[in-house]
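Participant: Starting from these lines, generate the structure:
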Amino acid sequence: MTVPPSTESASGESAREESPPARQRALTRVEVADVAVRLFRERGYEATSATEIAEAAGVSRSTFFRQFRSKDDVIFADHDELLEQIARHFELPHADPWLAVCEAATMVFERFRERLEVVRIRDLVVRETPVLHDRETVMVIRYERMFASYLRSSAPAVPALAAIRFAAAVTATHNYELRRLIRSTADDPRAAALPAELAAELAQVRRMFRPDGRAPAGPAAGPELVVAVFPASMDPGDLARAVEERLRAATGTPAL
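Facilitator: Prediction:
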């Protein structure tokens, strides 16, 4: 009896050849936003539609609108993620809530430094589009309010206005240094020093506001006032020796 040739290998190979290619990984919300930012730069913000963004990102129009309420929301998608990250940071225990706010500002700076190329493109788009500039201002206020709210809940004994002022100063300091980073050139050697500069400036904000209410230590606290009472008939030399002895005893300085 003749055995027909096996077709298992051929059929398996044919099935593999005819199977559709594996689907590409769906883009994250921030990745879709990055696509949109580049389109805005190439075509203009007003001239770019949500449908065009969805097509360029390889997602359906319905998926796009599940991720974003409108075209206006797409450009600041990474801010939304950062605000969620900061909220989780504030949920952790912190011995120093004032330092925790500075750390949160540093987290934002470092995230944008990692995404510097697209952040620079977005900066150009925002500067050229008044409606986006206004939305960016609102976004900055969200950070500031989050910082102030955390401080007021974590340090209730501190006056509310002190927390608000500190949050505003930290936000302004961060934005100043971030703007310098974004608008620096790729070969600018000063850009590498900006993270350390931000840390130093935030430390200066903490020293300047003294949010814990403590007086500065060391010489900056000012000289002590010493009042001495003595008889008018006392010999000046005896007076000087008596004062010296008392001062040495108070400070623990041995006599000469």
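
Participant: what sits against Ala203?
Facilitator: Contacts for Ala203 were tallied using C-beta atoms under 8 Å, 6 or more residues apart in numbering; they are Cys102. To be clear about C-beta, it is placed using only N, CA and C from the backbone, and glycine gets the same treatment.

Participant: For Thr173, see how far away it is.
Facilitator: 10 Å (C-beta to C-beta, to the nearest Å).

Participant: The helix or strand that Ile86 is a member of: what's the following helix or strand?
Facilitator: Taking DSSP states H and E as the criterion, Ile86 maps to helix 77-91. Per DSSP H and E, the first helix or strand lying C-terminal to helix 77-91 is helix 97-114.

Participant: count of residues packed around the closest residue to Ala155 other than its chain neighbours?
Facilitator: Nearest non-adjacent residue to Ala155, counting by C-beta to C-beta, 6 or more residues apart in numbering: Pro97, 5.4 Å away. Pro97 sits with 20 neighbouring residues when counted by other C-beta atoms under 10 Å.

Participant: Pro97 against Leu151, yeah?
Facilitator: Yes: the pair Pro97 and Leu151 passes the contact test of C-beta atoms under 8 Å, sitting 5.8 Å apart.

Participant: Distance of Ile121 relative to Ile182?
Facilitator: From Ile121 to Ile182 the distance is 10 Å (C-beta to C-beta).

Participant: Then Ala168?
Facilitator: Applying C-beta to C-beta to Ala168 and Ile182 gives a distance of 21 Å.

Participant: same thing with Glu103?
Facilitator: Glu103 is 21 Å from Ile182, by C-beta to C-beta.

Participant: Quick check, pLDDT for Arg29.
Facilitator: Note on Arg29: pLDDT of 89.

Participant: can you check Asp72 too?
Facilitator: 81.

Participant: nearest spatial neighbour of Val119, skipping sequence neighbours?
Facilitator: Phe112 (4.9 Å).

Participant: Might one say that that neighbour is in contact with Arg180?
Facilitator: No: using C-beta under 8 Å, Phe112 makes no contact with Arg180, being 11.9 Å away.

Participant: which one of those two has more residues nearby?
Facilitator: Phe112 (21 against 15).

Participant: Would you mind measuring from the more buried one to Glu201?
Facilitator: In terms of C-beta to C-beta, Phe112 sits 16 Å off from Glu201.

Participant: just Asp73 next, same as before
Facilitator: 31 Å.

Participant: So for the two, which residue has more residues nearby?
Facilitator: Shown here are Asp73 and Glu201; by other C-beta under 10 Å, Glu201 has more neighbours (17 against 14).

Participant: for whatever helix or strand that one lives in, what is the average pLDDT?
Facilitator: Per DSSP H and E, Glu201 falls inside helix 194-209. Throughout helix 194-209, pLDDT has a mean value of 93.

Participant: circling back: any idea how far the helix holding Ile86 is from the chain center?
Facilitator: Distance of helix 77-91 from its chain centroid, counting by C-alpha atoms, centre = their mean, to the nearest Å, is 10 Å.

Participant: show me where pLDDT drops low in the stretch 1-150 of the chain?
Facilitator: 1-25 (pLDDT under 70).

Participant: care to break this structure down by domain?
Facilitator: Split into domains by automatic domain parsing, the chain comes to 26-75, 76-209.
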